[in-house]
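Chemist: Pasted the sequence and its predicted model underneath.
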Amino acid sequence: PILATVIVKTELEKMSSDRISSRMAGQGSRYQSMGFTLIELMIVVAVIAILAAVAFPSYQDAIRKSRRGQVKADMVEYAALAERWRTINNTYAGFALPVGQSPREVGAPARYNLTPNAAFADANTFTITATPTTGQDLDRCGTLSINQAGVKTSAAAVSECW
């Protein structure tokens, strides 16, 4: 009986030490698999930087294009107002643009300056010109204009800008 007790006790100690060592080995592998390595983190940062380098200029171009759309709408509206003035007065002389900037909302920063600033002087023709200001001056279309005949001009190709 003493020998059997010693053998059983030895076997139990061996089994418990195997379980403890297997559990510790399992915990070690679990800790090793948690988290990110520095290389993985740097790869993610590089991918985000590349995406940002592509996305940010595209975003800025989209903003410039929307501002250009606003000034084009303003210019066409002002040209229509000038035509109404001419219909009533039989001359363009005396017509003045309601606002000298675009966008025309009060308090909005000017993205384009509209000219002429004073009343139209010529009785038979007019040209409304929009000159880009800070932030919009990087737009590829540059200065936009429209005249009494509806002829539209820009620094770049008219098909791209109007």
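Modeler: Happy to help now that I have it.

Chemist: all contacts plus neighbour counts: C-alpha atoms, from now on.
Modeler: Fine.

Chemist: show me the contacts for the residue positioned nearest the centre of the chain.
Modeler: The structure's the chain has its C-alpha centroid closest to Y59; by C-alpha atoms, centre = their mean the separation is 2.5 Å. With contact set as C-alpha atoms under 8 Å, 6 or more residues apart in numbering, Y59 has no partners.

Chemist: ok, it to Q70 distance?
Modeler: 17 Å (C-alpha to C-alpha, to the nearest Å).

Chemist: Provide the strand pairings for the longest strand along the chain, with the direction of each partner.
Modeler: As assigned by DSSP state E, the longest strand anywhere in the chain is strand 127-132. Paired neighbours of strand 127-132 in the sheet (DSSP bridges): strand 112-115 (antiparallel), strand 144-147 (antiparallel).

Chemist: Could I get the average pLDDT for it?
Modeler: Here strand 127-132 scores 94 as its mean pLDDT.

Chemist: all helices for the chain, in order.
Modeler: Here the chain has its helices, by DSSP state H, at 2-33, 38-89, 158-161.

Chemist: looking at those, which has the lowest confidence?
Modeler: Of all the helices of the chain, mean pLDDT reaches its minimum on helix 2-33 (a mean of 57).
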